[in-house]
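A.B. asks: This is a predicted model, with the sequence first.
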Amino acid sequence: MPQRLLLLAATAVALLACSATALASRSQYTTIEAPAELLSGAPDDALDTVRELGAQGIRILIPWRELAPAADSRRAPRFAARDPDAYPAGAWARFDAAVDGARARGLTVHVTLAGPAPAWATRKGDGLTSPNAKAFGAFAAAAGRRYGRRVATWSIWNEPNLGKMLKPIARNRSARVYRGLYVKGYAGLRSVGVRAPVLVGELAPIGNSLRVNGTIRPLAFLRGMLCLDRRYHHTKRRCAKLPTQGFAMHPYSTAAGPFLVPPADNVTIGVLGRLVHALDRAARAGAIPRRLPIHITEFGVQSRPDKRIGVPLDVQSDYRSIAERIAYANRRVRSFSQYLLRDDESTGWEYGKFESGLFLYRGHRPKPALNGFRLPLVAIDRRGPHDVLWGLVRPARGRHGGRVEVQYRDGRGRWKRLGRSRFSSSGYWKRATRVRRGRAFRVRWTDRDGTTHVGPATRARHAPRGR
């Protein structure tokens with residue numbers, strides 16, 4: 001870990017407001033993933049919320065095992081695996097409801113064809129160890145036939161660098177297993193006429209040393225998947241260029257939030273440049289296409305009541321906005337994600353539970369991050385007379401321009417008007433101001449239907465000193 005962590009809002013040139021605009025991706029879109037609500041079979045209320053918040057799409061996972069016939073059997077059944085109608089009756093129903101409901105509301109759909117595999121398609125019958133790539137390709141073809149042009153983006157497997165998602169992880173062997181799954185899944189989709197982008201990756205951010213259910217560092221996994229060594233040179237086991245239209249990443253952080261600088265080969269939101277550099281080196285080696293777009297397909301900030309890495313609710317909102325500002329400032333990032341809508345039910349200590357939602361689980365009460373997602377705001381403290389406020393009016397994107405009212409207060413004083421800032425149809429805006437110690441900012445925006453939304457109090461958050 002470096003001796004000190006930089007203020008993320010000013011990390012590198014990307015977060016300097018004057019220079020970031022030329023590099024930023026104003027066409028970056030946002031998806032929301034909410035499996036409990038969107039895949040319940042009755043997703044209408046959740047989809048209405050997604051649209052009202054101004055997100056452009058949803059992401060759903062379609063697990064192979066959940067649809068496969070005789071999923072618990074060690075003996076493979078005989079069925080037309082490329083035909084979606086050959087799967088058990090009703091198997092696709094809840095995915096149909098999410099896909100069709102999203103499209104009816106003008107939302108795009110990202111589908112990740114995920115594990116685990118049915119028992120009959122894995123060597124040990126556990127659904128995880130070396131799944132049969134050919135059988136997976138047939139499943140991908142069935143999904144492609146089912147949804148075809150209704151899906152805007154596809155990806156293959158979810159977090160394959162986790163031992164609890166794909167095995168064996170010893171000596172990075174699951175990276176090679178994943179390559180086989182991806183190649184066959186890609187071919188299966190293309191064989192039935194799917195022309196939408198297919199993303200590779202969907203990697204978890206931070207590795208560990210656990211031997212069975214641990215996590216392989218994402219950039220080490222990337223190199224293993226592409227048959228590259230530490231210097232991004234081809235190994236003796238040379239691979240052909242991988243066909244893909246983008247790389248998917250889940251750059252979660254810890255309680256340090258966007259300030260975290262993890263060890264090498266890990267990719268959290270604060271060191272997203274590592275992934276850009278790694279992809280460019282792999283492209284120069286001929287392993288993947290050049291200038292591959294990055295899709296942040298899963299991201300959230302863990303909040304209380306998580307007692308391990310959860311942050312206070314107001315901090316969650318600010319960290320989430322800062323993370324989105326980083327993604328915006330990186331022109332390679334094509335999409336950004338919010339995971340979840342509502343927190344998982346949790347006692348506060350359970351590993352694997354997510355309290356990264358915009359609503360608390362109990363009482364479905366909104367967090368500050370709800371309005372922080374609708375109206376992201378970042379105070380960029382440049383330590384000078386020209387500090388910057390950066391924001392987004394998400395519900396107005398692609399519809400119309402307008403104005404936001406910017407307010408401030410010092411300490412516990414009353415809110416005062418700083419001024420009004422104009423935004424275009426992109427929804428983005430910025431304003432020069434002075435970021436003083438203890439000062440908070442917020443915005444008010446009134447939609448054309450007369451509804452007024454007020455963002456949460458937002459502060460310039462500094463990296464911890466002496467670290």
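C.D. replies: Here it is on my side, so go on.

A.B. asks: Closest to the mean position in the chain, which residue would that be?
C.D. replies: Against the mean C-alpha coordinate of the chain, by C-alpha atoms, centre = their mean, the closest residue is Glu298 at 2.2 Å.

A.B. asks: Show me what secondary structure element comes after the longest helix anywhere in the chain.
C.D. replies: In the chain, assigned by DSSP state H, the helix with the most residues is helix 173-191. Remark: after helix 173-191, the chain's next helix or strand is strand 198-203, criterion DSSP states H and E.

A.B. asks: returning to that earlier point: and the longest helix of the chain, which residues are buried?
C.D. replies: By neighbour count on 16 or more other C-beta atoms under 10 Å, the buried set for helix 173-191 is 173-175, 177-186, 188-189. The way it works is simple: take the backbone N, C-alpha and C, and place the C-beta from them, glycine included.

A.B. asks: Quick check on the residue nearest to the centre of the chain: phi, psi?
C.D. replies: phi -150, psi 120 (degrees, to the nearest 10).

A.B. asks: If you drop the residues flanking it in sequence, what lies closest to it?
C.D. replies: His250 (4.1 Å; C-beta to C-beta, 6 or more residues apart in numbering).

A.B. asks: residue ranges of the strands in the stretch 351-467 of the chain, please?
C.D. replies: Secondary structure of the stretch 351-467 of the chain (DSSP state E, counting those that start in this stretch): strands located at 377-380, 387-392, 402-410, 416-423, 428-433, 439-446, 452-454.

A.B. asks: rewinding a little: please list the residues outside the longest helix of the chain that contact it.
C.D. replies: With C-beta atoms under 8 Å, 6 or more residues apart in numbering as the test, helix 173-191 has contacts from 82, 113, 130-131, 133-134, 136-141, 143-144, 154, 156-157, 160-161, 163, 166-168, 198, 200, 216, 220-226, 239, 242-244.

A.B. asks: Please, a ChimeraX command that selects the buried ones among these?
C.D. replies: The buried residues among the contacts of helix 173-191 can be selected in ChimeraX (16+ other C-beta under 10 Å) with this line:
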select :82,113,130,131,133,136,137,138,139,140,141,143,144,154,156,157,160,161,163,166,167,168,198,200,216,220,221,222,223,224,225,226,239,242,244
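
A.B. asks: Out of the contacts of helix 173-191, which sit inside strands?
C.D. replies: Those of the contacts of helix 173-191 mapping onto strands are Leu113, Trp154, Ile156, Val198, Val200, per DSSP state E.

A.B. asks: bridging residues for the second one?
C.D. replies: This means Trp154. Taking DSSP bridges, one obtains Val111, Val198 as the residues bridged to Trp154.

A.B. asks: Show me the domain layout of the protein.
C.D. replies: 34-298, 380-454 (automatic domain parsing).

A.B. asks: First-to-last residue distance for the first one?
C.D. replies: In other words, domain 34-298. Start and end residues of domain 34-298 are separated by 11 Å (C-alpha to C-alpha, to the nearest Å).

A.B. asks: Tell me, how many residues neighbour the closest residue to Asp381 other than its chain neighbours?
C.D. replies: Residue nearest to Asp381 in three dimensions, not counting chain neighbours: Ala460, with 4.0 Å by C-beta to C-beta, 6+ apart. Burial measure for Ala460: 23 neighbouring residues, criterion other C-beta atoms under 10 Å.

A.B. asks: Assess the claim that Ala460 and Thr433 are in contact.
C.D. replies: No. Under the criterion of C-beta atoms under 8 Å, Ala460 makes no contact with Thr433, lying 10.6 Å away.

A.B. asks: For those two, list the residues in contact with both.
C.D. replies: Between them, Ala460 and Thr433 share these contacting residues under C-beta under 8 Å, 6+ apart: Asp387.

A.B. asks: residues contacting the residue nearest to the centre of the chain?
C.D. replies: Glu33, Arg59, Glu202, His250, Tyr252, Ser337, Tyr339.

A.B. asks: how about a cut-off of 6 Å?
C.D. replies: Shown in contact with Glu298 (C-beta atoms under 6 Å, 6 or more residues apart in numbering): His250, Ser337, Tyr339.

A.B. asks: Distance check, the last one against Thr244.
C.D. replies: Read that as Tyr339. Distance, Tyr339 to Thr244, using C-beta to C-beta, to the nearest Å: 22 Å.

A.B. asks: thinking again about what came up before, how about the residue nearest to Glu298, what does it touch?
C.D. replies: Here His250 is in contact with Ala204, Pro205, Glu298 (C-beta under 6 Å, 6+ apart).

A.B. asks: In this model Glu159 seems to touch the first one, though I could be wrong.
C.D. replies: Yes. With contact taken as C-beta atoms under 6 Å, Ala204 and Glu159 are classed as touching, separated by 4.4 Å.

A.B. asks: one step back: among the domains of the chain, which gets the worst mean confidence?
C.D. replies: Least confidently modelled of those is domain 380-454, at a mean of 92 by mean pLDDT.

A.B. asks: Check the offset of that domain from the chain's centre.
C.D. replies: The chain centroid and the centroid of domain 380-454 are separated by 25 Å under C-alpha atoms, centre = their mean, to the nearest Å.

A.B. asks: what's the first-to-last distance across that domain?
C.D. replies: Across domain 380-454, first to last residue, C-alpha to C-alpha, it's 20 Å.

A.B. asks: distance of the closest residue to Asn132 other than its chain neighbours from Ala81?
C.D. replies: Nearest non-adjacent residue to Asn132, counting by C-beta to C-beta, 6+ apart: Ala121, 4.4 Å away. Between Ala121 and Ala81 the distance is 10 Å, computed by C-beta to C-beta.

A.B. asks: do Arg284 as well
C.D. replies: Arg284 is 38 Å from Ala81, by C-beta to C-beta.

A.B. asks: The two: which is more packed in?
C.D. replies: It is Ala81, of Arg284 and Ala81, that has more neighbours when counted by other C-beta under 10 Å, with 23 against 11.

A.B. asks: Does that one touch Ala140 like I think?
C.D. replies: No. In this structure, Ala81 is not within contact of Ala140 by C-beta under 6 Å, at 9.9 Å.

A.B. asks: just to revisit the earlier point, the longest helix of the chain vs strand 198-203, what angle?
C.D. replies: Helix 173-191 and strand 198-203 are oriented at 160 degrees to each other (axes from the mean of the first three to the mean of the last three C-alpha atoms, to 10 degrees).

A.B. asks: Restricting to C-alpha, output helix 173-191 in PDB.
C.D. replies: Only the C-alpha atoms of helix 173-191 are listed here, as PDB (Å, rounded to 0.1, in the frame of the first residue of the first chain):
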ATOM      1  CA  ARG A 173      -6.400 -22.800 -14.300                       C
ATOM      2  CA  SER A 174      -9.900 -21.400 -14.200                       C
ATOM      3  CA  ALA A 175      -8.700 -18.600 -16.500                       C
ATOM      4  CA  ARG A 176      -8.200 -21.200 -19.200                       C
ATOM      5  CA  VAL A 177     -11.500 -22.800 -18.400                       C
ATOM      6  CA  TYR A 178     -13.200 -19.400 -18.700                       C
ATOM      7  CA  ARG A 179     -11.600 -18.800 -22.100                       C
ATOM      8  CA  GLY A 180     -13.200 -22.000 -23.400                       C
ATOM      9  CA  LEU A 181     -16.600 -21.100 -22.000                       C
ATOM     10  CA  TYR A 182     -16.400 -17.600 -23.400                       C
ATOM     11  CA  VAL A 183     -15.300 -18.800 -26.900                       C
ATOM     12  CA  LYS A 184     -18.100 -21.400 -27.100                       C
ATOM     13  CA  GLY A 185     -20.700 -19.000 -25.600                       C
ATOM     14  CA  TYR A 186     -19.700 -16.300 -28.100                       C
ATOM     15  CA  ALA A 187     -19.900 -18.700 -31.000                       C
ATOM     16  CA  GLY A 188     -23.300 -19.900 -29.800                       C
ATOM     17  CA  LEU A 189     -24.700 -16.400 -29.700                       C
ATOM     18  CA  ARG A 190     -23.400 -15.500 -33.100                       C
ATOM     19  CA  SER A 191     -24.600 -18.800 -34.700                       C
END
